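Chemist: coordinates only, sequence not included:
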């Protein structure tokens, strides 16, 4: 009995929509054979057999990462994911701030096991939405006194 039978899907199995382990490790900058085995055994990552090799459908990979993107963000999600340090460099802030925002759920991120990864377009959109409000005080030390305002 075949351990990984071909799975029926709505989309025909096109090789460009199938990713191998090496492509996923490059995308996530994380992973090992043991990581893949654990995720497959738990049913979180579903392999399909294509030409005798194990592959992963891109749609299943997106579900594993945390869900399918919105229609306007589908193209952005095909790019490799960023590490927290790379997201911080894009936002020009400290990596600790990005990690704190991701842990609080303020910034959109993907979870690969316990590792947080970011989509560049989502980070840019978050930065433009969120930082427009507080652009002058980002990563700044708080004031000890409030500025003086006149009653005139």
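Modeler: Received it, and whenever you're ready, just let me know what you need. If you're wondering where the values come from, they're calculated on a predicted model, not measured in any experiment.

Chemist: which SS state does residue 124 fall under?
Modeler: helix (DSSP: H, G, I helix; E, B strand; the rest coil).

Chemist: that one is in contact with residue 92, isn't it?
Modeler: No: using Cβ atoms under 8 Å, residue 124 makes no contact with residue 92, being 11.9 Å away. Using the backbone N, CA and C atoms, a C-beta is placed for each residue, glycine as well.

Chemist: with neighbour numbers in mind, choose between these two.
Modeler: residue 124 (14 against 10; other Cβ atoms under 10 Å).

Chemist: quick check, residue 58 in contact with residue 24.
Modeler: No: Residue 58 is beyond contact range of residue 24, at 10.0 Å (criterion: Cβ under 8 Å).

Chemist: please identify which of these two sits among more neighbours.
Modeler: Neighbour count, other Cβ under 10 Å: between residue 58 and residue 24, residue 24 has more, with 20 against 17.

Chemist: give me the three-state assignment for that one.
Modeler: Quick answer, by three-state DSSP: residue 24 is helix.

Chemist: which element follows the helix or strand hosting residue 97 toward the C-terminus?
Modeler: In the assignment (DSSP states H and E), residue 97 maps to helix 95-104. Next helix or strand after helix 95-104 toward the C-terminus (DSSP H and E): strand 110-112.

Chemist: what strands line up against that next one, and which way round?
Modeler: Its sheet considered, strand 110-112 pairs with strand 115-117 (antiparallel) by DSSP bridges.

Chemist: what residues sit buried inside the strand it pairs with?
Modeler: 116-117 (16 or more other Cβ atoms under 10 Å).

Chemist: just how off-centre is it within its chain?
Modeler: Once both centres are worked out by Cα atoms, centre = their mean, to the nearest Å, strand 115-117 turns out to sit 7 Å from its chain's centre.

Chemist: cool, and stretch 18-25?
Modeler: Distance, stretch centre to chain centre, for stretch 18-25: 15 Å (Cα atoms, centre = their mean).

Chemist: so where's the protein uncertain?
Modeler: For the chain, the stretches flagged by pLDDT under 70 are 1-16, 131-152.

Chemist: again, only this time at 90
Modeler: Across the chain, the ranges flagged by pLDDT under 90 are 1-17, 30-32, 50-52, 59, 67-79, 91-93, 113-114, 127-152.

Chemist: in contact with the most centrally placed residue in the chain, which residues?
Modeler: The centroid of the chain falls nearest to residue 110 when counting by Cα atoms, centre = their mean (3.2 Å). Taking Cβ atoms under 8 Å, 6 or more residues apart in numbering, we find residue 110 in contact with 65-66, 81, 116-119.

Chemist: that concludes my questions; thank you for your assistance.
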